[in-house]
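Asker: with the input below, show me the fold.
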Amino acid sequence: MSPQAVKLYGAIAAQEWELVDTLQTAHPNTRHELVTWGLISDEERPVARDPQQALRTMVSKQLEEARRRIELVETMPGLSRDLIPEYKQVQLRAGGTSVYLADPDEVNAKLQDVIIDARREILCAQPGGPRRREILETSVTRDSAALDRGVEMRTIYRDTVRDHPLTAEYARTMSARTAGRPAQYRTLVGDFERMVIVDRQNAFVTNHVVEGAPEHSAWLITDPAVVAVLAGVFDAEWRRAQPWNGELRTGRGTCPQDAAGRVRTDRRQRGIMRYLSAEVSQVATAKKMGVSKRKLQEEIAVLKALWGVRTLNGLMFQWALSPDRLVDDGDALRGLEESTARAAVETEDDVAA
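Answerer: Residues are numbered from 1 along each chain as shown. The predicted model follows:
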């Protein structure tokens with residue numbers, strides 16, 4: 001309530017009518033304000049009412065209005081569930097849209113908006129080769145936020161990035177994340193189409209339609225059928241591509257001692273992987289590690305999560321390509337060799353028997 005209305009209420013309560021007229025002339029809205037609050041009667045010569053009763057009445061009205069608004073809000077999720085299928089059916093029949101984005105800043109802004117809303121998956125095919133530092137720095141913040149939400153992120157680069165220290169460092173950082181999910185990278189030799197697909201609902205692709213368009217212009221496609229085809233193309237290229245965790249090519253990377261600062265596993269985890277890659281069974285590996293088979297399976301599940309894979313075969317494949325396997329753990333390696341040799345002897349003895 002305005003201070004002028006409070007002052008007018010005092011003048012009406014004291015029946016100082018000259019002051020009342022003066023205040024109403026100076027502030028014509030104050031009388032309506034007091035009537036709305038129920039503090040005065042709506043008469044030529046208004047009567048002041050008990051403010052406690054008036055305010056109790058106002059509180060009751062406001063609470064009732066608040067309850068109605070809450071009830072309205074509570075119906076919205078159900079209403080949304082009812083309306084969304086109807087809308088999607090219309091969209092499927094009418095088809096989606098393709099929007100041309102000519103300005104690179106517009107492309108980046110729209111891409112940022114769509115990625116912020118990503119909930120399940122981001123697929124990126126980047127055939128442009130090594131990335132510039134400013135692009136990578138922007139990508140770290142944006143991509144980390146998506147990975148922290150549990151979004152799966154897969155990126156295909158041109159094979160030449162394996163010779164580029166800056167891009168390799170970025171890939172090592174993002175693929176070795178322990179919070180949220182790690183990013184996954186693969187490289188492909190030769191040409192392929194640039195695209196970014198978010199939740200298999202929105203696809204950004206290179207412009208092949210508008211002649212004379214800026215170099216980084218693009219199209220945003222939301223047609224479900226077209227996006228599904230593009231996602232299928234990406235999946236096929238992903239299967240052909242080679243996994244990459246940011247290792248530089250032989251002769252351009254770090255030595256095993258330096259790699260220890262960039263790996264994602266600890267010594268114990270590397271010991272597990274070395275036993276498994278030496279074809280030691282999980283039962284035998286659990287005994288050698290001094291844990292139960294269930295505990296070992298839990299540790300293997302953690303290793304799968306580190307590489308973003310779902311199967312033991314996928315884990316072994318990632319390990320074979322990872323710099324982790326190059327780390328010299330000293331006694332751990334010798335112990336593995338001895339245990340593997342013993343296992344081989346035991347097998348021979350069993351066969352002989």
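
Asker: pLDDT on the one helix or strand Ile135 maps to, on average?
Answerer: Taking DSSP states H and E as the definition, one finds Ile135 inside helix 133-148. The pLDDT scores in helix 133-148 average 82.

Asker: my guess is Asp199 meets Arg120, correct?
Answerer: Yes. With contacts counted by CB atoms under 8 Å, Asp199 reaches Arg120, the gap being 5.1 Å. Using the backbone N, CA and C atoms, a C-beta is placed for each residue, glycine as well.

Asker: neighbour count: these two, which is higher?
Answerer: Each of Asp199 and Arg120 has its neighbours counted (other CB atoms under 10 Å); Asp199 has more, 17 against 12.

Asker: what sits against that one?
Answerer: Ala118, Arg119, Arg120, Glu121, Ile122 (CB atoms under 8 Å, 6 or more residues apart in numbering).

Asker: out of those residues, which is most surrounded?
Answerer: Ile122 (21 neighbours).

Asker: from Arg239, how far out is Ser175?
Answerer: Note on Ser175: its distance to Arg239, by CB to CB, to the nearest Å, is 18 Å.

Asker: who's more crowded, those two?
Answerer: Taking other CB under 10 Å, Ser175 and Arg239 do not tie; Ser175 has more neighbours (23 against 8).

Asker: ok, now which ones touch that one?
Answerer: So Ser175 contacts Pro182, Ala183, Gln184, Tyr185, Asn245, Gly246, Arg264, Trp307 (CB under 8 Å, 6+ apart).

Asker: of the residues you listed, keep whichever come out buried.
Answerer: By neighbour count, with 16 or more other CB atoms under 10 Å, the contacts of Ser175 hold Pro182, Ala183, Gln184, Tyr185, Asn245, Gly246, Arg264, Trp307 as buried.

Asker: which helices and strands sit right next to the one helix or strand Gly78 maps to?
Answerer: For Gly78, the element it lies in under DSSP H and E is helix 51-94. Contacts defined by 3 or more CB pairs under 8 Å, 6 or more residues apart in numbering; DSSP states H and E place helix 51-94 against helix 29-37.

Asker: so which elements touch the helix it packs on?
Answerer: helix 3-13, helix 17-26, helix 51-94.

Asker: list the buried residues of that helix.
Answerer: Neighbour count says helix 29-37 has Thr30, Arg31, Glu33, Leu34, Trp37 buried, by 16+ other CB under 10 Å.

Asker: got it, and stretch 155-169?
Answerer: Thr155, Ile156, Tyr157, Arg158, Asp159, Val161, Arg162, His164, Thr167, Ala168.

Asker: quick one: end-to-end distance for that stretch.
Answerer: This stretch, stretch 155-169, spans 15 Å end to end (CA to CA, to the nearest Å).

Asker: where does pLDDT dip in the protein?
Answerer: Counting by pLDDT under 70, the chain has low-confidence residues at 86-96, 129, 131, 250-263, 330-353.

Asker: the strands in it, which residues?
Answerer: Taking DSSP state E as the test, the strands found in the chain are 98-101, 121-126, 152-158, 184-188, 195-198, 202-206, 218-221, 242-244.

Asker: would you put the C-alpha positions of the fourth one in PDB?
Answerer: As requested, the backbone C-alpha atoms of strand 184-188 are provided in PDB (Å, rounded to 0.1, in the frame of the first residue of the first chain):
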ATOM      1  CA  GLN A 184      34.300 -40.200 -26.700                       C
ATOM      2  CA  TYR A 185      36.400 -39.500 -29.800                       C
ATOM      3  CA  ARG A 186      37.300 -41.400 -33.000                       C
ATOM      4  CA  THR A 187      39.200 -40.400 -36.100                       C
ATOM      5  CA  LEU A 188      38.500 -41.200 -39.800                       C
END
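
Asker: pairing partners for it, with directions?
Answerer: Strand pairing for strand 184-188, using DSSP bridges, gives strand 152-158 (parallel), strand 242-244 (antiparallel).

Asker: any chance of those strands in JSON lines with distance to Ile272 as columns?
Answerer: Shown next, in JSON lines, are those (distance: least, CB to CB, whole Å):
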{"stretch": "strand 152-158", "distance to Ile272": "24"}
{"stretch": "strand 242-244", "distance to Ile272": "20"}
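
Asker: quick one, what contacts Asp117?
Answerer: Counting by CB under 8 Å, 6+ apart, Asp117 has contacts Val198.

Asker: now with 10 Å?
Answerer: Ala146, Val198, Asp199, Gln201, Asn202 (CB atoms under 10 Å, 6 or more residues apart in numbering).

Asker: for these, work out which two are farthest apart.
Answerer: Ala146 and Gln201 (14.7 Å; CB to CB).
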